[in-house]
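In: give me coordinates for this.
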Amino acid sequence: MIFELQEEVPSVEILPCEECTKSGILSAVKDYKALIYGVSTVVRMLDNITEGVYNRSEAIIAGLLLDRGVSGTILEWRCRGVLLRVNGMDLIALEEEVLGNSDFNNESFYPDTGGTYTLKSMDKIIEKRAAARTNNSRPGARGTSSKKSLTV
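Out: Residues are numbered from 1 along each chain as shown. From the prediction side, this is the model:
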């Protein structure tokens, strides 16, 4: 796996990336939070990967959410979460749920450190890439590769 931080929003690119589900990422987040209970939790995480509760990419994304994600609030939803952009998709981990681009539309995330992040939608990303192809220009670091995958 290769990680690249970019942009002003905490952001990572994972190459290659297995298909991910919100439930898998949430399960891994809960397991990471339980690591304070000792080695048995680490063993349980490895068992969960082996048993297919979540895959390696979901475990890596969960770890990155907790490590590199920014904590804050979606005021419109009145909920706190952790934001991280993974392969161009905004993910917000809440206590009992993981939200992706399809779950919010033109909303903002307010990090505890100040400032505002406007959450992206896949439509905007697709439009930007289409415009870049039309203009025969390179779509930039946010372009996709066939090795990347994040279906949430």
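In: show me what contacts Arg56?
Out: Shown here is Arg56, whose contacts under the criterion C-beta atoms under 8 Å, 6 or more residues apart in numbering are 18, 49. To be clear about C-beta, it is placed using only N, CA and C from the backbone, and glycine gets the same treatment.
In: before we move on, what about Val9?
Out: Counting by C-beta under 8 Å, 6+ apart, Val9 touches 70, 83, 85, 90, 117.
In: can we see that at 7 Å?
Out: By C-beta atoms under 7 Å, 6 or more residues apart in numbering, the contact list for Val9 reads 85, 117.
In: now do it, the pLDDT please.
Out: With respect to pLDDT, Val9 has a value of 79.
In: go on, Ala141?
Out: Here, the pLDDT recorded for Ala141 equals 46.
In: can you give me the strands in this structure?
Out: Read by DSSP state E, the chain holds these strands, from start to end of the chain: 11-12, 70-74, 79-86, 89-93, 98-99, 108-111, 117-118.
In: redo these as JSON lines? Include mean neighbour count and distance to Ile36.
Out: JSON lines is the format used below for the strands of the chain (neighbours: other C-beta atoms under 10 Å; distance: least, C-beta to C-beta, whole Å):
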{"stretch": "strand 11-12", "mean neighbour count": "20", "distance to Ile36": "24"}
{"stretch": "strand 70-74", "mean neighbour count": "18", "distance to Ile36": "18"}
{"stretch": "strand 79-86", "mean neighbour count": "20", "distance to Ile36": "17"}
{"stretch": "strand 89-93", "mean neighbour count": "23", "distance to Ile36": "18"}
{"stretch": "strand 98-99", "mean neighbour count": "24", "distance to Ile36": "21"}
{"stretch": "strand 108-111", "mean neighbour count": "18", "distance to Ile36": "25"}
{"stretch": "strand 117-118", "mean neighbour count": "16", "distance to Ile36": "29"}
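In: make CSV from these and add distance to Ala62 to it.
Out: CSV is the format used below for the strands of the chain (distance: least, C-beta to C-beta, whole Å):
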stretch, distance to Ala62
strand 11-12, 12
strand 70-74, 15
strand 79-86, 10
strand 89-93, 8
strand 98-99, 9
strand 108-111, 18
strand 117-118, 20
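In: give me the nearest residue to Glu58, chain neighbours excluded.
Out: In space, Glu58 comes closest to Gly24 once its chain neighbours are excluded; the distance is 3.8 Å by C-beta to C-beta, 6 or more residues apart in numbering.
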